[in-house]
Each structure stands twice: as structure tokens, then as C-alpha cells.
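**Student:** make a model of this:
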Amino acid sequence: MTDPLVIVGTGLAGYNLAREFRKLDGETPLLLISADDGRSYSKPMLSTGFAKHKDADGLSMAEPGAMAEQLKAQVRTHTRISGIDPGHKRVWIGEEQVCYRDLVLAWGAQTVQVPVEGDASEAIFPINDLEDYARFRAAADGKRRVLILGAGLIGCEFANDLHLGGFDIDVVAPCEQVMPTLLHPAAAGAVQAGLQGLGVRFHLGPVLTRLQHAADGLEAHLSDGSVIACDLVVSAIGLRPRIDLAAAAGLQVNRGVMVDRQLRTSHANIHALGDCAEVDGLNLLYVMPLMTCARALAQTLAGNPTAVSYGPMPITVKTPVCPLVVSPPPRGCEGQWQVEGQGADLKVLCHDADGNLLGYALTGTAVMEKLAFNRQLPPLLA
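**Tutor:** Purely as a prediction, here's the structure:
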């Protein structure tokens, strides 16, 4: 019997690769291994659930049994691989060995966690998958005050969503502006002003040092000496690609699992895509590059070697109080930024010395011009 194509991970990367592969190959045995319950869902929707009044079941699109049937695959849930043996083309699940024809790592990224003093660390919730979301919703039932750690893209999306869900929101982050690695200060100011207009309170600069129980909930002590009363804490500090098992197996890793333009790792018959992969030096934790990689890798695994290329990859940030689309300039490109507009409606454009558009951030009503600007952008990975 032919060894299966084994995909580790059943998030957007794993399931979409499986769908694309099945369009091209309906016969090769297919095994998906999931550390969680294997339900199909769209991870970006985790930061829209409260505004839409959806619990984890409401965000789920298909149960693992339905996915297995749809994909003509075996889906093993609540299963973690404990090691990879590239020389013998097998993975270990405890004492069990599973041989593969090809192995795809699609196990995503893990939340960055920082140690916090105090007796209430159990009240800090990362929300990185559907099971995390379910745990947080259960804990949030009947609560009102949420402290969010992190003012990046995810922190801002949760601030907007949880406010729309009826919560009172504070945001703490050791930076001078929201989304500091993604946004020009002018665009960041527009988004922050929009969230503040809802009543979101920002504490930019200090960090959380202690979280402790109090008579009426929790007390969050910050490094500047201030204290915030809250009921729950959402950790949105950031994500780190999962690389430990790959490194232990001898695969080359950097920020992510390093792969070439055909998404091949440094070992034969092992590929990677999604949040865990560093594609030709780029680690992009967004949906559009993930979907591009899934289509290309499916072709390669079906016998048609295909190099991935990234066109413009604009990022839509789900902050409805101040709509935002951003397309950072490609790596290594230098340009000058120009700000047009006023208030919440800004076009922040980056041009090179010859006047070519390299990147942009559009806020408010300016997001309606994104398609016109996208046509002017250079590819991220030609």
C-alpha cells in the first residue's frame, strides 16, 4: 500500500492544501493530524465572534468527520506528533510510527507569552484557535471588563470586536503607537482615535507586571505604577512560528521553518506552509499568502513542481470603527511616505525615487480605493 501524504495541522493551511490537492489527485492516501479537535473554521473570524454573537460552534464550518469524508482522508484529532525521522520518512506519535510519502508541516504559530507575577495567571487567555476561543467565551460569560495585552493587529481587532460585544476595554502595550511594525504613525493615529472614540482606553508604554485577584475581580499592575481593574485578560502580544520539532529533526529553521519557492524544506519529501513557514526569507502570517502557497504546493505534490510567487498582498484589518487596509513595501525597498486626507480618512502612500508606488495604508473611506492602488503595487515575491 502506498504511504500517505501526511499533513500536520488542520487550520486554514492544512485543510486548504488538502482541498487543493484533492482537486488534482483523488487517490493518494491522505492523513491529516490535528493537535486540536479538527473542526474546520476560519481563524480570522476569531476576532469577529463577539460582534456577531457567535460562540465557537457558530464559527465552526465543518466537523472533522465531514472534512474526512469531503477530502477522502483520515483526520486524527487531539493528536500530537512527537518527532520526525526524515531518513526513514516517518513521524512519531508517542511510540507509534507513521510512514509518509510526503510530509507537510502546517502546524502554524504559537502565541508569545510573557511571565507575569501574581496569583491570577489563569485569567490570561491567548486566543489562537477555536478551542482557545471557546475557553475565553466561557470565562467571559457574565464579565464586563477586559484588559488586552498588545496593540498590534490582533489586539486592535479584539478591542473593536469585544467592545461591540458589550465589554469595557483597556489595551496595554510597550509601544508608542498601535500596530507599530505594520503602520505609518498617521494611519496608526487614525485607528487609535477611532477605537478611543468607542471608549477603548490605551495605556501605551508600560507593561503588565502583576495580575492578582481582588474583591471585585482582578487588579492589573503596570510598570508605570498604575493599576487597572479588570475581570479577564486577553494576551495578543504576538505569534511565533512553531519550529522546535523541525529543528530537532535537523530541518533548517530561522524565524520559521525555512523553505524554498517550491515550499521544500532542507530535507527531501518534507514541505511547510502557512504561519510556520519562512518562504524564501518571508514569514507572512496572513491568509492571502497562505492560500497562494496551498495552490502551488498542491501542484507540486501532485507531480507538477510549481514555484510560489507573491503578488501584492494587502492586509485587511478588521477594525470596523476605522476600516484599514495596509500593504507594506516589499523587503529592501526604500521610499518616501506621503499622507493625504484628514481625520479618519487617510491615504498614506510610499513611493520610490521614480514615483512608483511601493506600499500604502488606507483608513476610513479611503479603503474604497484599494483596488486602484493594488494595480500599481510591485509583487512581494516575483
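
**Student:** hey, what's residue 326 bridged with?
**Tutor:** Using DSSP bridges, the bridge partners assigned to residue 326 are residue 315, residue 361.

**Student:** surely it is in contact with residue 183?
**Tutor:** Yes. Judged on Cβ atoms under 8 Å, residue 326 makes contact with residue 183 at a distance of 6.3 Å. Bear in mind the C-beta positions are built from the backbone N, C-alpha and C, glycine included.

**Student:** give me the common contacts of the two.
**Tutor:** Both residue 326 and residue 183 are contacted by residue 361, under the criterion Cβ atoms under 8 Å, 6 or more residues apart in numbering.

**Student:** mean confidence for stretch 208-216?
**Tutor:** Averaged over stretch 208-216, pLDDT sits at 96.

**Student:** ignore what I typed, I meant stretch 65-84.
**Tutor:** 97.

**Student:** how far away from the center of its chain is it?
**Tutor:** 21 Å (Cα atoms, centre = their mean, to the nearest Å).

**Student:** most distant residue from the centre of the chain?
**Tutor:** residue 1 (36.8 Å; Cα atoms, centre = their mean).

**Student:** and it, how far is that from residue 72?
**Tutor:** As judged by Cβ to Cβ, to the nearest Å, residue 1 and residue 72 stand 15 Å apart.

**Student:** then residue 223?
**Tutor:** Distance from residue 223 to residue 72, by Cβ to Cβ: 54 Å.

**Student:** kindly report the same for residue 327.
**Tutor:** Distance, residue 327 to residue 72, by Cβ to Cβ: 38 Å.

**Student:** more neighbours: which of these two?
**Tutor:** Legend: neighbour count by other Cβ atoms under 10 Å for residue 327 and residue 72, higher for residue 327 (22 against 14).

**Student:** count of neighbours near the residue lying closest to that one once chain neighbours are set aside?
**Tutor:** Closest residue to residue 327 apart from its sequence neighbours, by Cβ to Cβ, 6 or more residues apart in numbering: residue 314 at 4.2 Å. Residue 314: 21 surrounding residues under other Cβ under 10 Å.

**Student:** how about residue 214?
**Tutor:** Residues lying near residue 214 (other Cβ under 10 Å) number 12.

**Student:** re earlier: so the residue farthest from the centre of the chain touches residue 99, yeah?
**Tutor:** No. The criterion here is Cβ under 8 Å, and residue 1 misses it with residue 99 at 10.1 Å.

**Student:** assign residue 163 to helix, strand or coil.
**Tutor:** helix (DSSP: H, G, I helix; E, B strand; the rest coil).

**Student:** for it, what are its contacts?
**Tutor:** 169, 195, 198, 199, 200.

**Student:** counting contacts, what elements does the one helix or strand residue 219 maps to pack onto?
**Tutor:** Using DSSP states H and E, residue 219 sits within strand 217-222. Strand 217-222 makes packing contacts with strand 145-149, strand 168-173, strand 208-214, strand 227-230, strand 232-235 when contacts are defined by 3 or more Cβ pairs under 8 Å, 6 or more residues apart in numbering; DSSP states H and E.

**Student:** next, the angle strand 145-149 makes with that strand.
**Tutor:** When axes from the mean of the first three to the mean of the last three Cα atoms, to 10 degrees is applied, the directions of strand 217-222 and strand 145-149 differ by 30 degrees.

**Student:** what pairs with strand 217-222, parallel or antiparallel?
**Tutor:** Strand 217-222 has these strand partners (DSSP bridges): strand 208-214 (antiparallel), strand 227-230 (antiparallel).

**Student:** and residue 45, that's in a helix?
**Tutor:** Yes. According to three-state DSSP, residue 45 belongs to a helix.

**Student:** ramachandran angles for residue 195?
**Tutor:** Main-chain torsions, residue 195, degrees, to the nearest 10: phi -70, psi -40.

**Student:** pLDDT at it, what is it?
**Tutor:** Note on residue 195: pLDDT of 98.

**Student:** name the element the closest residue to it other than its chain neighbours belongs to?
**Tutor:** Leaving aside its sequence neighbours, residue 195 sits nearest to residue 159 (Cβ to Cβ, 6+ apart; 5.5 Å). In the assignment (DSSP H and E), residue 159 maps to helix 153-164.

**Student:** quick one, that helix and strand 168-173 angle?
**Tutor:** Using the same axes, to 10 degrees: helix 153-164 against strand 168-173 is 170 degrees.

**Student:** just the CA coordinates of helix 153-164, formatted as CSV?
**Tutor:** What follows is helix 153-164, C-alpha atoms only, in CSV (Å, rounded to 0.1, in the frame of the first residue of the first chain):
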residue,chain,number,x,y,z
LEU,A,153,-3.2,44.0,14.6
ILE,A,154,-4.8,41.2,16.7
GLY,A,155,-5.0,43.4,19.8
CYS,A,156,-6.8,46.2,17.9
GLU,A,157,-9.2,43.7,16.2
PHE,A,158,-10.1,42.2,19.5
ALA,A,159,-10.5,45.7,21.1
ASN,A,160,-13.0,46.6,18.4
ASP,A,161,-14.8,43.2,18.5
LEU,A,162,-15.1,42.9,22.3
HIS,A,163,-16.3,46.5,22.6
LEU,A,164,-19.1,45.6,20.1
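
**Student:** thanks a lot, catch you later.
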